[in-house]
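Novice: 3D, please:
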Amino acid sequence: MKETTHILILEDLATDAELIQFELQEAGLVFTAKWVTNENEYLHALQNSPPRSHPVRL
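Specialist: Here you go, the predicted structure:
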C-alpha cells in the first residue's frame with residue numbers, strides 16, 4: 001500500500017491548481033492536497049499543519 005503524501009499547493013488560479021492535482025493523480029501519486037491562493041493562507045496552512053520530515057525513497 002502506498003503512503004499518502006500531503007501537498008500544499010500555492011496557486012492563484014483554480015484551473016492551474018486543478019491541473020497540478022490531475023497530473024499528480026495521472027502519475028499515480030497517492031496524496032491529499034490543500035490549495036491556497038496567497039501568502040497569508042500559505043503561512044496559516046503551514047502553522048496549522050507543519051511539514052513532516054520523511055526520508056526520501058528512491
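
Novice: not counting sequence-adjacent ones, nearest residue to the residue nearest the centre of the chain?
Specialist: Taking Cα atoms, centre = their mean, the centroid of the chain lies closest to residue 7, which sits 1.8 Å from it. In this structure, residue 7 finds its nearest non-sequential neighbour in residue 33, 4.7 Å apart by Cβ to Cβ, 6 or more residues apart in numbering. Backbone N, C-alpha and C define where each C-beta goes, glycine included.

Novice: returning to that earlier point: within the sheet, what are the partner strands of the helix or strand where the residue nearest to the centre of the chain lies, with directions?
Specialist: Here residue 7, judged by DSSP states H and E, is contained in strand 5-10. With DSSP bridges as the test, strand 5-10 is paired with strand 31-36 (parallel).

Novice: may I have the strand holding residue 7 as PDB, with CA atoms only?
Specialist: Provided in PDB are the C-alpha atoms of strand 5-10 (Å, rounded to 0.1, in the frame of the first residue of the first chain):
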ATOM      1  CA  THR A   5       1.700  12.400   0.600                       C
ATOM      2  CA  HIS A   6       0.300  15.700   1.800                       C
ATOM      3  CA  ILE A   7       0.700  18.600  -0.600                       C
ATOM      4  CA  LEU A   8       0.200  22.300   0.000                       C
ATOM      5  CA  ILE A   9      -0.400  24.000  -3.400                       C
ATOM      6  CA  LEU A  10       0.100  27.800  -3.600                       C
END
